[in-house]
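# I would like to see how this sequence folds:
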Amino acid sequence: MSWLKEVIGTEKAIIAMCHLMPLPGDPYFKNGEDSMEQVIEWARKDLKALQDGGVDAVMFSNEFSLPYLTNVEPVTVACMARIIGELKNDIEVPFGVNVLWDANRSLDLAVATGARFVREIFTGVYASDFGMWNTNVGKTIRHQHEIGAQNVKLLFNILPEAARYLADRDIEEVAKSTVFNNRPDALCVSGLTAGAITDAQILKRVKDVVPDTVVLANTGVRYENVEQQLAVADGAVVGTTFKYDGVFENHVDQSRVKQFMDKVKSIRN
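Take a look at the predicted model:
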């Protein structure tokens, strides 16, 4: 039995993404046309559809803050904290946060809102769409302890979207050294972008070398492949497939969520 049972309530857990619309300071937030009230209501509508559809947990992320920063501006964290605060009475399942892509700010937001877990790029050096991408996991873990976030579960994304390790390392080597050096609560394995299918063979290679660590399929889990993915992974992070027509930019479609979760529950049984 893993921590998923204790924190989320079930093994083979489905963590659903609640994607926030562009925020003040983001390139696609239209000053004078968009408002925080609109962003909050979009999030409220999606949260309700996810929960009514039966997901096990949700994770709030600034998914539409494209292109992402690796050192996030304070306004982004402030806006996300306000949104989650406004929705707090509506949240019925365990929740996490992801401030793309800034590990320390994700931890700050978790402490401010009571989130149970964060997903981030905690380790590695990458060539990415966002430029040279470096991390400092030692400093981040020390920050976690300094701000009292010791109980926040850390989901390490070890195959980042839109990025490639600068070192030529096999994924098994990365998984083993990440677990040995950093004691992650989970490893997340991704496809190229949000919605891109996670290679089941790569998932298996990771799980085989770190069998005692929670491994999550991080992108591209769909109704058609969820049984195959959960046969290997301990759970999944799901976003795009829950949207109307499976389109990243759309609202969450409760009927798609329910159909997916009904299948997951039959698999778990």
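# CA atoms for contacts and neighbours, from now on please.
Fine.
# So, low pLDDT: which residues of the stretch 51-200 of the chain?
Residues of the stretch 51-200 of the chain meeting the criterion pLDDT under 70: 191-196.
# ok, now with 90
For the stretch 51-200 of the chain, the stretches flagged by pLDDT under 90 are 127-133, 159-169, 190-200.
# residues near residue 143, how many?
Close neighbours of residue 143, defined as other C-alpha atoms under 10 Å, add up to 18.
# Okay, it and residue 106: tell me how far apart.
11 Å (C-alpha to C-alpha, to the nearest Å).
# Residue 38 now?
Distance, residue 38 to residue 106, by C-alpha to C-alpha: 23 Å.
# More neighbours: which of these two?
residue 106 (25 against 12).
# need the contact list for that one.
By C-alpha atoms under 8 Å, 6 or more residues apart in numbering, residue 106 lies in contact with 97, 98, 99, 118, 119, 120.
# with these in mind, which one is nearest to residue 149?
residue 118 (10.5 Å; C-alpha to C-alpha).
# Now do the same for the closest one: helix, strand or coil?
Following DSSP: H, G, I helix; E, B strand; the rest coil, the label given to residue 118 is strand.
# So what's the residue count around residue 212?
Residue 212 has 12 neighbours, counted by other C-alpha under 10 Å.
# Does it fall in a helix, a strand, or a coil region?
Following three-state DSSP, the label given to residue 212 is coil.
# Check residue 80 too.
Following three-state DSSP, the label given to residue 80 is helix.
# Give me the distance between it and residue 1.
Relative to residue 1, residue 80 is positioned 32 Å away (C-alpha to C-alpha).
# quick one: the helices in the stretch 51-200 of the chain?
74-87, 103-113, 137-146, 171-182, 200-209 (DSSP state H, counting those that start in this stretch).
# Can you list the buried residues in the third one?
Put plainly, it is helix 137-146. Residues of helix 137-146 classed as buried by neighbour count (16 or more other C-alpha atoms under 10 Å): 137, 140, 141, 143, 144.
# Distance-wise, check residue 255 relative to residue 83.
Distance of residue 255 to residue 83, given as C-alpha to C-alpha: 25 Å.
# Look at the two and report which has more neighbours.
Applying other C-alpha under 10 Å to residue 255 and residue 83 shows that residue 83 carries more neighbours, namely 21 against 16.
# right, and that one touches residue 40 too?
Yes - with contact defined as C-alpha atoms under 8 Å, residue 83 reaches residue 40; the gap is 5.6 Å.
# Confirm that residue 266 sits in a helix.
Yes - counting by three-state DSSP, residue 266 is located in a helix.
# State the pLDDT value of it.
With respect to pLDDT, residue 266 scores 97.
# Show the contacting residues for it.
Residue 266 neighbours (C-alpha under 8 Å, 6+ apart): none.
# what comes into contact with the top strand by length along the chain?
Secondary structure of the chain per DSSP state E: the longest strand is strand 13-19. Residues from elsewhere that reach strand 13-19, judged by C-alpha under 8 Å, 6+ apart: 4, 43, 46-47, 50, 55-64, 234-239.
# and if we set it to 6 Å?
Strand 13-19 is contacted by residues 56, 57, 58, 59, 60, 61, 63, 235, 236, 237, 238, 239 when judged by C-alpha atoms under 6 Å, 6 or more residues apart in numbering.
# ditto for stretch 21-34
Stretch 21-34 is contacted by residues 39, 64, 65 when judged by C-alpha under 6 Å, 6+ apart.
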